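[1] Quick one, fold the following:
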Amino acid sequence: MLSREAQAVIEFLYRSILIGIGATVIFDLWGLFLKHAFGLPGANWGPVGRWFCHLAGGRVYHEDIAKAPPFAYERAAGWIGHYAVGILFAAILLALAPTGWSRQPTLAPALIVGLVTVGAGWFLLQPGMGAGIAASKRPNANQIRALNIAGHIVFGLGLYASALLIR
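    Take a look at the predicted model:
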């Protein structure tokens, strides 16, 4: 028989994984919608995977991730990293939300976490890949920023919807 503490940890991990995967799937579906409805380019997780692979070797910042040495499995690493980060953000939500939130989810905490997670892209991933803070080195920086905000609102809605599904 597991102790109450062990059961609580297992439940926390279980809920983090399911909510994180669910929210990330909704985020990805949003991207597919934008691609098909508006002709926006789809996600390319290869460069992100290259960044994750270099991150594992201790290198955070690149002048241009496209010029960094490639990895044979970088696209898979990008997809895995994308979903792992979604799970991490769900765990953060569950750790910071009011007690019992996952059993009676409310929208506000999920939306707040969704919006706050934009910062990870703006201040870590984009500069790390050579795009500058909040994509400032890209010619379409404002479009990227708007899409980042919209996507992370969708991610927040996905956190809420996924929590509702498993409560």
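[2] For stretch 46-64, buried residues please.
    Across stretch 46-64, burial judged by 16 or more other C-beta atoms under 10 Å covers 46, 47, 48, 49, 50, 51, 52, 53, 54, 55, 62. Just so you know, the C-beta spots here come from the backbone N, C-alpha and C atoms, and that holds for glycine as well.
[3] nearest to residue 15, of the residues you listed?
    Nearest to residue 15 among these, counting by C-beta to C-beta, is residue 52 at 24.5 Å.
[4] mind listing the helices in this protein by residue range?
    Secondary structure of the chain, counting by DSSP state H: helices at 4-38, 45-56, 74-96, 107-116, 118-120, 126-129, 141-166.
[5] Out of these, flag the one nearest residue 66.
    helix 45-56 (6.6 Å).
[6] just how off-centre is that closest one within its chain?
    Between the centre of helix 45-56 and the centre of its chain there are 14 Å (C-alpha atoms, centre = their mean, to the nearest Å).
[7] before we move on, back to that, closest to residue 68 out of the helices of the chain?
    With C-beta to C-beta as the yardstick, what comes closest out of the helices of the chain is helix 45-56 (5.9 Å).
[8] For the closest one, name the packing helices and strands.
    Using 3 or more C-beta pairs under 8 Å, 6 or more residues apart in numbering; DSSP states H and E, the elements in contact with helix 45-56 are helix 74-96, helix 126-129.
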